[in-house]
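Engineer: the amino acid sequence is not available; the structure is as follows:
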C-alpha cells in the first residue's frame, strides 16, 4: 500500500510522517506521533472523545483523514498546558470536579478551547452548544458546563490573548 | 455541604476529619493533562489485533466450522477455536461457588444468543482481522428460540442452556430465591384493598465512553501482562487463570483505570482470549470492542418483569405484599444469579409489612447475557416498588409521602428476611426530604422517630 508523506505542526512542533492512504488523524496521532491524549470511543464520529483542533477548528480525528492534514496546525490536550502551567480550562475542570473517569476529558477540553477561540465570553447556551458533540457518561454534564463558564471568566479577567 | 446534627447526636463524634470536606480527586491532574493511562494508551510495537466471528443466530446448533480461508488470509497470524481454549466452559461466579459452569469462551456445539463468539481471528492489522473474519464458514441448524422470561418457564419451551437443564437458575431454595414472612394469603383476606400490577423494564446498556477491552504483552519467562479496563482486576485475573489453566503468577494484570464502567466491565470476556492469543503467537495482542460490540455484545443490565400484589388497609398500613420477579439472565449466568438474589434481598422495600412472599427467578433466554450495572437487581425493583407505593396511596386517598411514613421500617421491626431492623433512619431522611422538597406532611409524621417503636393497631 502506498505511503503518503505528511508534514504538519503538532502542538507547535514540526512533524513529518508517512501514513497509509485512508488512515485517520486519530491513528496518525496515536500510532505515529505517540500523542495518546485523543481517545478512541466510537470510531464513528459520534462521541467526541477524539476531538482535536485542526487549524483552530474542532475536528473529530476518528473520521478525519490524516492525508487531509498535510500542512495543518494540529492541537491536542498535550499542548494545552504552556510552559508547565495548566491552562485555565484544565484548572477549572479540576476545581469543578468535571472529570470523573477522565476518558471524555481531553475531547471536552479541546471542544471548549475551540469555543474560546471564536467566542471568548460564551453564554451558558453557547457552552452547551459547543459541547453538544461530546458525550460524558459520568458527570451529567453540569460540572463540565460550570467549569467552562468559570474558565471563560478567568480568561476574560486576565485580558485578551490569555487563551 | 452541611451536616445536620439534630439526628442521632448521641451516636456520633463531631471530630469528622474528612466528611464534609472537599477533596481533590487523586487522578484529576492526569485526566486534565490527558496522560491518565487507559488500557489502550500504550505504544506497543508489533501489536496484533483480534476480531471475533459471532453468531448471527439467536439459537442454533453448530454443524461445522471451516476457517481454512481465514487462516490463509494475508496478515492472519492465528485462528483460535474452542478446542484451543484449555478450560473453555466457565462461569465467572464459580470463584464464589456459584455454578454450574455454563458458558463457553468460544462456542462449539451450539450458539445461544445472537453475537456469541465462535472463532477468534488474530491478525497483524485490524483490517486483516476484519477481512479474515468474513471468510470463516460456519454451518448452522437453527433452533427455536425463546425471548420472554415467562415463556421460557413454560413446559415445552426451548431449552436454552443444557448446563442448567432447565431455563432457570436453581437456588438451594428451588426454582426461585424466596423470602417468606407470615402468610400473604391471610394478609390479603384481611386487607381493605388489593392492588396487583405488572412492571416491565428493558435491558440497559452501560455505554461507557471507553469500550471494553485489553492489551496483552508477553513478558520474558512465560509471563503475560494484561492492561485492561476491567472493573474487577483480581476477579478477572483469577477467572483467566482458570480458563487458561495457568497459575495466577504467570498473569500480571494492570488495571484500575476504567474509562467508565458502571458495572459493564466486570465480566471476563476479552482478557482470557487475548492472553491465549498472546500465548499462541508470542506477540502482544489487543482485543478491543468496537462501539457496536459495546452496545450489542457486552452484558447489559438485566431486563426484569415484576408483579407486585399488595393488600392495604384504609389507615395506610400495608398488610401483605407478594412479589414475583423474573430477571432475564440471557443465555448464560454471568452475574445475574447474584443480581436476582440481590433483588430478593431488596424486596419488599424499606417498609414493615407483616406478611410477605417474594419469589425471584433468574431465567435463561436466548437474549444477550446480562450482568452487572449500578445497583443491579435493586434499581428496577425500586422503581416498581415506589410506583406501586404511589398507586397504593392514591387508592386509599392518602398523601404518598405520609403513606410511606406510616409504613417506613423502624428500629426493632422484623424485616421480611427475619432480621430485626437496626439503624433505619428512614423516617428522619424523609423528614429532611419533605422540608427540602417543600412537601408539607402531617405534623404527626414530622414528629415520628425511627427509634420509637411502631404502635400496633
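Structural biologist: Yes, it's here. This structure is a prediction, so every number in the text was calculated from the model and none was measured.
Engineer: scan chain A for its longest helix.
Structural biologist: With residue count as the measure and DSSP state H as the assignment, chain A has helix A:142-157 as its longest helix.
Engineer: is it in proximity to chain B?
Structural biologist: No: residues of helix A:142-157 contacting chain B under CB under 8 Å from any CB of the partner chain: none, with a closest distance of 9.7 Å. No exception for glycine: its C-beta is placed from N, CA and C like everyone else's.
Engineer: residue B:428 belongs to a helix?
Structural biologist: Yes: using DSSP: H, G, I helix; E, B strand; the rest coil, the assignment for residue B:428 is a helix.
Engineer: tell me the contacts of it?
Structural biologist: Shown in contact with residue B:428 (CB atoms under 8 Å, 6 or more residues apart in numbering or on different chains): B:7-8, B:449-450.
Engineer: which one (most neighbours) among the residues you listed?
Structural biologist: Using other CB atoms under 10 Å in any protein chain shown as the neighbour criterion, residue B:450 leads those with 23 neighbours.
Engineer: mind checking the SS state of that residue?
Structural biologist: The assignment at residue B:450 comes out as coil when based on three-state DSSP.
Engineer: residues in contact with it?
Structural biologist: Counted by CB under 8 Å, 6+ apart, residue B:450 has contacts B:408-411, B:424-428.
Engineer: related to what we said a few turns ago, list the buried residues for the longest helix of chain A?
Structural biologist: Neighbour counts over helix A:142-157 (16 or more other CB atoms under 10 Å in any protein chain shown) mark A:143-152, A:155 as buried.
Engineer: next: stretch B:273-289.
Structural biologist: By 16+ other CB under 10 Å, the buried positions in stretch B:273-289 come out as B:273-281, B:283-289.
Engineer: what's the longest helix of chain A packed up against?
Structural biologist: helix A:88-95, helix A:105-118, helix A:124-130 (3 or more CB pairs under 8 Å, 6 or more residues apart in numbering or on different chains; DSSP states H and E).
Engineer: quick check: mean pLDDT of the first one?
Structural biologist: Helix A:88-95 shows a mean pLDDT of 97 in the predicted model.
Engineer: what's the distance between stretch B:289-309 and the middle of its chain?
Structural biologist: 9 Å (CA atoms, centre = their mean, to the nearest Å).
Engineer: kindly report the same for stretch B:166-177.
Structural biologist: That offset, for stretch B:166-177, works out to 18 Å (CA atoms, centre = their mean).
Engineer: which bits of chain B sit near chain A?
Structural biologist: B:24-25, B:27-36, B:38, B:40-43, B:206-211, B:258-262, B:290-291.
Engineer: just the buried subset of those residues, please.
Structural biologist: Buried among the residues of chain B next to chain A by 16+ other CB under 10 Å: B:28, B:30-34, B:36, B:38, B:40-42, B:206-211, B:258-262, B:290-291.
Engineer: may I ask which of the contacts of residue B:450 has the most neighbours?
Structural biologist: Going by other CB under 10 Å, residue B:408 tops the contacts of residue B:450 with 24 neighbours.
Engineer: and that one, bridged to which residues?
Structural biologist: Note on residue B:408: beta-bridge partners residue B:351, judged by DSSP bridges.
Engineer: ok, it - contacts?
Structural biologist: Residue B:408 neighbours (CB under 8 Å, 6+ apart): B:350-352, B:424, B:426-427, B:430, B:448, B:450.
Engineer: could I get the contacts of residue B:428 as JSON lines with distance to residue B:387 and pLDDT?
Structural biologist: Shown next, in JSON lines, are the contacts of residue B:428 (distance: CB to CB, whole Å; pLDDT from 0 to 100):
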{"residue": "B:7", "distance to residue B:387": "28", "pLDDT": "79"}
{"residue": "B:8", "distance to residue B:387": "31", "pLDDT": "80"}
{"residue": "B:449", "distance to residue B:387": "28", "pLDDT": "94"}
{"residue": "B:450", "distance to residue B:387": "24", "pLDDT": "94"}
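Engineer: the residue nearest the centre of chain A and residue B:373, how far apart?
Structural biologist: Centroid-nearest residue in chain A: residue A:110, 2.5 Å away (criterion: CA atoms, centre = their mean). Taking CB to CB, to the nearest Å as the measure, residue A:110 falls 30 Å from residue B:373.
Engineer: closest one to residue B:435 out of the contacts of residue B:428, please.
Structural biologist: If you rank the contacts of residue B:428 by distance to residue B:435 using CB to CB, residue B:7 comes first, at 12.7 Å.
Engineer: leaving out sequence neighbours, find the closest residue to that closest one.
Structural biologist: Once flanking residues are discounted, residue B:7 sits nearest to residue B:428: 4.9 Å by CB to CB, 6 or more residues apart in numbering or on different chains.
Engineer: got it, and residue B:43?
Structural biologist: residue A:34 (5.6 Å).
Engineer: right, and the one you found touches residue B:42 too?
Structural biologist: No: at 10.3 Å, residue A:34 does not count as touching residue B:42 under the criterion of CB atoms under 8 Å.
Engineer: shared neighbours, these two?
Structural biologist: Counting by CB under 8 Å, 6+ apart, nothing touches both residue A:34 and residue B:42.
Engineer: okay, now the domains of chain A?
Structural biologist: The record's domain split for chain A, according to automatic domain parsing, is A:3-71, A:88-157.
Engineer: between helix A:105-118 and the longest helix of chain A, find me the angle.
Structural biologist: Interaxial angle of helix A:142-157 relative to helix A:105-118 (axes from the mean of the first three to the mean of the last three CA atoms, to 10 degrees): 40 degrees.
Engineer: compute the inter-axis angle for helix A:142-157 and helix A:88-95.
Structural biologist: Going by the same axes, to 10 degrees, helix A:142-157 makes 140 degrees with helix A:88-95.
Engineer: for residue B:150, phi and psi?
Structural biologist: Backbone geometry at residue B:150, expressed as degrees, to the nearest 10, gives phi -80, psi -30.
Engineer: what do you get for residue B:235?
Structural biologist: The phi/psi pair for residue B:235 (degrees, to the nearest 10) is phi -60, psi -40.
Engineer: same question, residue B:20
Structural biologist: Main-chain dihedrals, residue B:20, degrees, to the nearest 10: phi 90, psi -10.
Engineer: any idea how far it is from chain A?
Structural biologist: According to CB to the nearest CB, to the nearest Å, residue B:20 and chain A sit 16 Å apart.
Engineer: how about residue B:213?
Structural biologist: 10 Å.
Engineer: please apply the same query to residue B:134.
Structural biologist: In terms of CB to the nearest CB, residue B:134 sits 18 Å off from chain A.
Engineer: what about residue B:75, how many neighbours?
Structural biologist: When neighbours are defined as other CB under 10 Å, residue B:75 has 17 of them.
Engineer: before we move on, what's the pLDDT of it?
Structural biologist: On the pLDDT scale, residue B:75 gets 98.
Engineer: excluding chain neighbours, what is closest to it?
Structural biologist: residue B:128 (3.0 Å).
Engineer: kindly report the same for residue B:230.
Structural biologist: The nearest residue in space to residue B:230 (CB to CB, 6+ apart) is residue B:236, at 4.7 Å.
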